[in-house]
Structures are given as structure tokens and as C-alpha cells.
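*Asks:* Sequence first, then the predicted structure:
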Protein chains: 2
Amino acid sequence: MAHVSLKDVAARSGVSFQTASKVLNGKGTVAAETRQRILGAAEELGYVPNALARGLLSRRTRTIGVVASDFSDTVLSQVVVGVEREARRHGHGVIIGSVDPEGSDGVRSLHALIERRVDGIVTVAPKLEGDRAFGALLRGPIAAVSTHRVAGGGVSVVEPDDAGAASLATRHLAALGHRRIGTITGRGDRRASHARVAGYRRALAETGIPFDPDLVEEGDWEPEGGYQAGHRLLDRAPDLSAVFVQNDPMAAGLLAALHDRGRRVPADCAVVGCDNLTLAARTIPPLTTVAIPLVETGEIAARLLVGVVEERAAGRTPEPRRLVLPVGLVYRASSGTPAPGTPAAPRNVAGTGAASARRPLP
Amino acid sequence: MAHVSLKDVAARSGVSFQTASKVLNGKGTVAAETRQRILGAAEELGYVPNALARGLLSRRTRTIGVVASDFSDTVLSQVVVGVEREARRHGHGVIIGSVDPEGSDGVRSLHALIERRVDGIVTVAPKLEGDRAFGALLRGPIAAVSTHRVAGGGVSVVEPDDAGAASLATRHLAALGHRRIGTITGRGDRRASHARVAGYRRALAETGIPFDPDLVEEGDWEPEGGYQAGHRLLDRAPDLSAVFVQNDPMAAGLLAALHDRGRRVPADCAVVGCDNLTLAARTIPPLTTVAIPLVETGEIAARLLVGVVEERAAGRTPEPRRLVLPVGLVYRASSGTPAPGTPAAPRNVAGTGAASARRPLP
DNA sequence: TTTCGGAAGGCGAAGCTTCGCCGGAGCTCG
DNA sequence: CGAGCTCCGGCGAAGCTTCGCCTTCCGAAA
């Protein structure tokens, strides 16, 4: 009684259930009058097709799985939003498989998705970057695209240009004349942290500034971590004149630490954040930051995945690809760029790479 | 070839697929040796049961659907995290059905979930509070719990005490001696905004402060909206001495507006936010705010839903319930409470209602 | 020897769709 | 007037699992 089946509709309209199926799917050739009768019955009864049965037969569920390590994380959840949005455009549903805080059950989570016969999987799980069993499963029969490094490789990856983001920010600070540029990183267990440190070091090298390990502090991606790391950094290197912070919430924490110590921003210390969250426009002072195409990362990953699913359905096995999405700097007051009174609205001026993200996928 | 079926496992171990099923489900009585052979074959072949077929037969998919209007919203995504976490504890998967930004396709989204035969649905979609067709569907044969008001009622609701939150914050400000207390609301299309205004007015009435409509401004839940609303408020009521802001990001925006105008916080104007996001601990100054049990809201909604699903499976029809979760005030510097140098760590001192959220559901 | 009981495992059906194929009715064309 | 075609709709099967029931076999008790 809970659910109305095709048979119920057929019984009510006096035809076989196969005929009802034809009508409801617009296939075959059915008399106009019968068709109306069936459509009417379906409407009256509130018939909703059973995707389980359909998927069982067609071997396609029009569902993609998303493995994310933390949906409440602002950054990851934006990527997930992108995936979901693009999936919906393709008429696909999304089923989520989250991972416990320790990231120890990536494989279990993946199995739960495979059991439900998802057509493909997008992983948004930096915590699982090092999980070899997880990586192996991703290389298995079911199509997968990751937005982060996969242990063992062999899986298509779509990711923002982390190194480029750090490099962009650091070169910006160097161009403003800063020579003592510190950095606050995210957690060390995430590869993006290392990529961003690498970009920071590359920019230093390119601008002839010596790298000083004392100017690097690790945070936890949260405001509190940025605050604490900021204090440590200022204790150790009082001559610091600028900091690149690996995300905006930590940058907000650094602003608080600088404020507590009576150091003006940007006069005494310039700050550049990363991610361009909505918050960044209204910190005190407004935060110069690097815009990362988070939603786009998810969208492109989903689009790529749908493509791979098609390819595989057609019997082909496309090569794994790697797409790196360009990022752009958003100039605001915290790095000292705009004249006083300049509006704090985003304004991209420099970016990395070509706008490859805009290019339709081949 | 993509997926291994029970038949494949059975063929490899020389038994009928029904026997293989018995072994894999630990039912029936099978010789130890045969059992080992089947288990071995399943392992070798990498057999993963097909949840579609299982769900088709058992009429239960162990999957719950979540309809959320915006997964990238910090507040909503925390609720979703709670739902997901609790669902996982019960061995359920979660499938998401998001709604477009206009909130016009709630019914379509719900249909997509019903098609996939979810066991129940949790809605985290304040945008759909007024959608009558959506509400009607929620009262239908499939179990549902909402974390927001449902048009037409008749559906169990779990929600934080919005009115209590506003009342708590406002009474706090009144107790500090403020008489000109303004408020910045969220978008008017969300019921929580109205509930919080109601709580604010109730607190004013209780403390003998006249309500002044000039002291109410509408924001958009985002920092920028808080910033703009703050300026409008200060233009209109320069004698304002305190503001309750309906969420923390807008409060951050208000802090920026006050800073731009050279008004010190809390000396010239006290500020209290809402939601207790991690950011609130490190704004300048740290933000007094109301802690809302967001994750818990999701968890409890999911737990309640699972209970309803069980009840219905047993043929009973439980009465819709309404749970209101208590909230608590977190004192920090922006309201002027702590002495200088007091650590900004959360410290709950006052809350609404009993700790009913902790009580196990009957 | 007969009978009973339990262990082991096979068989058929159901759950809901979709797809390919077939048969009958009515019509057109030669 | 019969051959052949189109239109309409039914039938059977498949897709993967679970469940209830049945058969076979073997040892033990009567």
C-alpha cells in the first residue's frame, strides 16, 4: 500500500503492466485513448516508478556517490555542492558516503556506495590521500574521479592549483616590497598544505628572498589555529612584515592575533588569505585572498566522471586525466593594496594559467 | 564483468546461488567446508551484494534522503552532517536531494528520493517552509522529519529554540544596562528570522524596554549583508548601544561596519551573534554568541526518523512530534562581559529549557 | 527393519521494471 | 479476394536477491 507499482496502474486501467510501462516511458505504439486511461490511472494512484527495479535491469542507477571526509568543512562542502549541482544537470542523484573523523573507514564507505550500484564516484576526501586500499578500490571496475591526490595514482584528478595560489600570494607580497614573509599552513596531513608551502617557496626563490623555516607555522584550518600560529610566528620572528595564510578562517585568526599585539594591518604586517570565502570581504581590515574555484572543482569533477561513465559503458577505457584549475588573487586592504575608501568587492587582477576551467571538456 | 553476482560466486564454488546466499547472510545450515569454499570464492571474486535487488525484495533500502536547500550554507551543512552521522550509526546510507537556489523544485527533489525508495526523509530546507505541495508530499506514505516548519503541519519537527536564542541574547544585553538594543535579522523568507525577532521582542517586553521598529534591520545571513544592515541601522539610530545579530557571519559584518565608523566594541556598542561558529571565537573582538545545537538537530532528526520508519514498518502510525532543542549563551568580549585578558574559550552559563536534547528519545 | 529427525542444499517464487517478440484486428493494394 | 502491412497490446524473460519449502541423505532410536 505504501508504494504503487506498475501492476497497480495496469490493473486499474485494464491493460497488462507491460503496456503501462510502454506508455509511461513513451515507447512503443499505444492507442491514444488507452494511453490517456493509463496516464490518468498513474496520476490518480500517485504512481512513482521504482528506480531500484529499473537500475537492476539497466545496470545504471543514474546515481553518483560522493565520498567526503567532512561535510561541515566550508571548503569541502563547496566542492560537494559543485558535484551535486552538475550531477543534477545530468539527471543524476547523489549519494553521500562520509568518512569518520579519523578517516579510517574509507574502504567501508566506498563499499556502501558500490553496494548501492552507483554509476561512479567522486572523492572529496583529502584525509584519504594516503589510504592505499582506498586508492586501489578507486582504480577498480567502477568509474572514479578525485578532487585530491589518490594513493597509487591511476585515477583522474581535478584540483585547484594549490601551488599556484601560494605562489601568487607570495609574489604579490614580494612585489609590495616585503622581504620577511611568513606563512601559516593547514594541517600537515593534507597534501594541499604541502603544495601551498611548495608554491610559497618557489615564489620566494623566484624573487630572490631566502627561505627561512622559522617563518613557517602550522595551523589547523580553523580561526583558533590561525590565532595560535600567529602568536608563535610573531614571538619567533618579530621582524615579520607579511604573512600568507593558507585559508581565510586562519587568516581571520591571525588578524585577531595581530590586533591583540597592537600591530596594525597592513601598515605593520600585511596579510593574504586563501579561498575567498564570503567572510574575507568583511574582516577587519578586508582580506586580500586567493580565489579558489571550489564549486567549479566539484562541477568539473562530476562532468568528467559522467564522461568516464559513458566511455566505459561504451566499452572504452579512457586514460586517467589530471586537470589543474587556475586560481586568482582578490585584492583588498589587508595587503595594503587599495587606496583608502576603495570598495571591498572582489576584483580579480591576476591569476594562474589560462582559464582552462572554462574550456568545455573534450 | 563489472559486477560479480551471487550466481558467479555460486558457480565458482559449485553450489546453487541460494546456498551461497545462505552462507553470505549467515542463515540456514551449511556444511563448514562448503561455507569456506563459498566465502573463499566471494573473497576472490570481490563479491559485493547488490543493494538494489535486496531493496527490491525487502522493501527497505536502509537509505534515508535529505532534502537541503543549500549544502554550502554553514548552518545547514552542519545539520546535514548530524543527519549523516546518526544515519551511519544505524547502518543507513544518505542520499541527497538538493533544491535549486530559487527553491522552486522541492517536489521534484522529493520525487527523486521517493523513486529511489528511501526509507524516510529529513528535510533541512528552510526555503521550502511555505511550499504547500512539498508539505503535502511529506505527509504522504513515506516517513519524514523536518528541521523546519512544514506548510500544513502534520510532520514531526526537530528544531533549535530560535525564539529562546534571541530572547537569551536580548535579555543578556538588557541585563548589562542597554536600553537601545537593535537587531539584524536573517532573510525574511525564513521562519527562523521571524521566530528570532519574536524572541527579541518578548525579551524587550519582559525587561520593560519599548519595541522600536527602527531598530530592526534585515540582512541576508552573510557578512556583507550584516555590514550593510549595520550601516543602515547606525544611520537611523545613532543612539544605538547594543545589537543582537541573528547569525555570526552577519555579526562579523556588523563589527566591520562599527569599526569603519570608529565605534568601539563593546564600549560604544555591544554585539551578540548567533550560532557559535568557530569563527566567533576570533573576531575582533571575540563575539558573544548563542550556541545552537546544529549537529545535534540533525542527529536527533535522524534518530526520530529511524524510529518512525520502524513504527510504520510495524504497522503503527506514530503521532507527529515537535522537539525544541535548548540553546545556550557563550560569553565573550563583544558584549563587554569578561574582564580584559579573559580567555575567549566558550563557556556556557545560561541556556533555554532543560537539556531535553540529551534525553534519549522515548 | 522401520521410522524418525536433523543436516545439507536445491528449487521456485516474488519483488518491479524493461525489452524483444509475437499474434490478432483491420486496412490497403494488386 | 487474398497477400501483406500497420497498429495495438499481450507474453515471456531477465536482472539479483531473499524466503519458504522440499528432497535427499545419514545416523540413531524403536
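*Replies:* Nice, thanks for sending it over.
*Asks:* What residue, apart from its backbone neighbours, is nearest A:G82 spatially?
*Replies:* A:G298 (2.4 Å; Cβ to Cβ, 6 or more residues apart in numbering or on different chains). Heads up, the C-betas are built off the backbone N, CA and C, glycines and all.
*Asks:* could you list every residue that touches that neighbour?
*Replies:* Contacts were defined as Cβ atoms under 8 Å, 6 or more residues apart in numbering or on different chains; by that measure A:G298 touches A:78-86, A:122, A:124, A:147.
*Asks:* likewise A:A203?
*Replies:* Counting by Cβ under 8 Å, 6+ apart, A:A203 has contacts A:166-171, A:174.
*Asks:* Helix or strand: which one has it?
*Replies:* Assigning secondary structure by DSSP states H and E places A:A203 in helix A:191-206.
*Asks:* quick one: buried residues of that helix?
*Replies:* Applying a neighbour-count criterion of 16 or more other Cβ atoms under 10 Å in any protein chain shown, one finds A:191-193, A:195-197, A:199-204 buried in helix A:191-206.
*Asks:* Give me the pLDDT for the residue nearest the centre of chain A.
*Replies:* With distances taken as Cα atoms, centre = their mean, A:V79 lies nearest the centre of chain A, 2.6 Å away. Model confidence at A:V79, given as pLDDT, is 94.
*Asks:* go on, A:G91?
*Replies:* Value for A:G91, per-residue pLDDT: 90.
*Asks:* Let's see the longest helix seen in chain A as PDB, backbone CA atoms only.
*Replies:* Looking across chain A with DSSP state H, the single longest helix is helix A:294-313. What follows is helix A:294-313, C-alpha atoms only, in PDB (Å, rounded to 0.1, in the frame of the first residue of the first chain):
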ATOM      1  CA  LEU A 294      35.800  25.300  -5.200                       C
ATOM      2  CA  VAL A 295      32.300  24.800  -6.600                       C
ATOM      3  CA  GLU A 296      33.800  24.600 -10.100                       C
ATOM      4  CA  THR A 297      36.200  21.900  -9.000                       C
ATOM      5  CA  GLY A 298      33.200  19.800  -8.000                       C
ATOM      6  CA  GLU A 299      31.300  20.600 -11.100                       C
ATOM      7  CA  ILE A 300      34.200  19.700 -13.400                       C
ATOM      8  CA  ALA A 301      34.900  16.500 -11.400                       C
ATOM      9  CA  ALA A 302      31.300  15.500 -11.800                       C
ATOM     10  CA  ARG A 303      31.300  16.300 -15.500                       C
ATOM     11  CA  LEU A 304      34.400  14.400 -16.100                       C
ATOM     12  CA  LEU A 305      33.000  11.500 -14.200                       C
ATOM     13  CA  VAL A 306      29.800  11.400 -16.200                       C
ATOM     14  CA  GLY A 307      32.000  11.300 -19.300                       C
ATOM     15  CA  VAL A 308      34.100   8.400 -18.000                       C
ATOM     16  CA  VAL A 309      30.900   6.500 -17.100                       C
ATOM     17  CA  GLU A 310      29.700   7.000 -20.700                       C
ATOM     18  CA  GLU A 311      33.000   5.900 -22.100                       C
ATOM     19  CA  ARG A 312      33.100   2.800 -20.000                       C
ATOM     20  CA  ALA A 313      29.500   1.900 -20.900                       C
END
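*Asks:* Figure out how far it is from the centre of its chain.
*Replies:* 13 Å (Cα atoms, centre = their mean, to the nearest Å).
*Asks:* tell me what the next helix or strand after it is packed against?
*Replies:* As assigned by DSSP H and E, the chain's next helix or strand after helix A:294-313 is strand A:322-325. Judged by 3 or more Cβ pairs under 8 Å, 6 or more residues apart in numbering or on different chains; DSSP states H and E, the packing partners of strand A:322-325 are strand A:156-160, helix A:294-313.
*Asks:* Go ahead and name everything in contact with stretch A:32-44.
*Replies:* The contact list for stretch A:32-44 (Cβ under 8 Å, 6+ apart) reads A:9-10, A:12-15, A:19-20, A:23-24, A:30, A:47.
*Asks:* Is there proximity between that stretch and DNA strand C?
*Replies:* No: judged by Cβ under 7 Å from any atom of the strand, stretch A:32-44 and DNA strand C are separated, with a smallest distance of 9.7 Å.
*Asks:* Let's see that stretch as PDB, backbone CA atoms only.
*Replies:* Taking only C-alpha atoms (Å, rounded to 0.1, in the frame of the first residue of the first chain), the coordinates of stretch A:32-44 have been written out as PDB:
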ATOM      1  CA  ALA A  32      -4.400   7.500 -27.700                       C
ATOM      2  CA  GLU A  33      -7.400   6.500 -25.700                       C
ATOM      3  CA  THR A  34      -5.700   3.700 -23.800                       C
ATOM      4  CA  ARG A  35      -2.700   6.000 -23.200                       C
ATOM      5  CA  GLN A  36      -4.900   8.500 -21.600                       C
ATOM      6  CA  ARG A  37      -6.500   5.900 -19.400                       C
ATOM      7  CA  ILE A  38      -3.100   4.700 -18.200                       C
ATOM      8  CA  LEU A  39      -1.800   8.200 -17.700                       C
ATOM      9  CA  GLY A  40      -4.900   9.000 -15.700                       C
ATOM     10  CA  ALA A  41      -4.600   6.000 -13.500                       C
ATOM     11  CA  ALA A  42      -1.000   6.700 -12.800                       C
ATOM     12  CA  GLU A  43      -1.800  10.200 -11.800                       C
ATOM     13  CA  GLU A  44      -4.700   9.200  -9.600                       C
END
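*Asks:* any bit of that stretch sitting next to DNA strand D?
*Replies:* Yes: judged by Cβ under 7 Å from any atom of the strand, stretch A:32-44 and DNA strand D are in contact via A:32-35.
*Asks:* And the buried ones among those, selectable in ChimeraX?
*Replies:* Only the buried entries of these go into this ChimeraX selection, using 16+ other Cβ under 10 Å:
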select /A:34,35
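*Asks:* Looking at the residues of stretch A:32-44 next to DNA strand D, spot the one nearest DNA strand C.
*Replies:* The nearest member of those to DNA strand C, counting by Cβ to the nearest atom of the strand, is A:T34 at 12.7 Å.
*Asks:* how close does the closest one sit to A:K22?
*Replies:* Here A:T34 is placed at a distance of 10 Å from A:K22 (Cβ to Cβ, to the nearest Å).
*Asks:* coming back round to it: counting only strands, which of the contacts of A:G298 make the cut?
*Replies:* A:122, A:124 (DSSP state E).
*Asks:* what's the span of stretch A:17-32 from first residue to last?
*Replies:* End-to-end distance of stretch A:17-32: 17 Å, with Cα to Cα, to the nearest Å as the criterion.
*Asks:* picking up where we left off before, tell me the two of the contacts of A:A203 that are most distant?
*Replies:* Spanning the widest gap among the contacts of A:A203 are A:A166 and A:A174, at 12.2 Å by Cβ to Cβ.
*Asks:* Tell me which of the two has more neighbours.
*Replies:* Neighbours were counted for A:A166 and for A:A174 using other Cβ atoms under 10 Å in any protein chain shown; A:A166 has more, 29 against 18.
*Asks:* what helix or strand is the more buried one on?
*Replies:* helix A:162-175.
*Asks:* by contact count, what packs against that helix?
*Replies:* Counting by 3+ Cβ pairs under 8 Å, 6+ apart, helix A:162-175 packs on strand A:181-185, helix A:191-206, strand A:242-245, strand A:270-275, strand A:288-291, strand A:328-330, strand A:348-351.
*Asks:* And these: which comes nearest DNA strand D?
*Replies:* Among the helices and strands packed on helix A:162-175, the nearest to DNA strand D by Cβ to the nearest atom of the strand is helix A:191-206 (35.9 Å).
*Asks:* how about the CA coordinates for the closest one, as PDB?
*Replies:* Taking C-alpha atoms only, helix A:191-206 is exported to PDB below (Å, rounded to 0.1, in the frame of the first residue of the first chain):
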ATOM      1  CA  ARG A 191      48.600  17.400   0.700                       C
ATOM      2  CA  ALA A 192      47.300  20.900  -0.200                       C
ATOM      3  CA  SER A 193      49.300  22.200   2.800                       C
ATOM      4  CA  HIS A 194      52.500  20.900   1.300                       C
ATOM      5  CA  ALA A 195      51.600  22.000  -2.200                       C
ATOM      6  CA  ARG A 196      51.000  25.500  -0.900                       C
ATOM      7  CA  VAL A 197      54.200  25.600   1.000                       C
ATOM      8  CA  ALA A 198      56.000  24.500  -2.200                       C
ATOM      9  CA  GLY A 199      54.400  27.300  -4.100                       C
ATOM     10  CA  TYR A 200      55.400  29.800  -1.300                       C
ATOM     11  CA  ARG A 201      59.000  28.600  -1.500                       C
ATOM     12  CA  ARG A 202      59.000  28.700  -5.300                       C
ATOM     13  CA  ALA A 203      57.800  32.300  -5.200                       C
ATOM     14  CA  LEU A 204      60.500  33.200  -2.600                       C
ATOM     15  CA  ALA A 205      63.200  31.600  -4.800                       C
ATOM     16  CA  GLU A 206      61.900  33.400  -7.900                       C
END
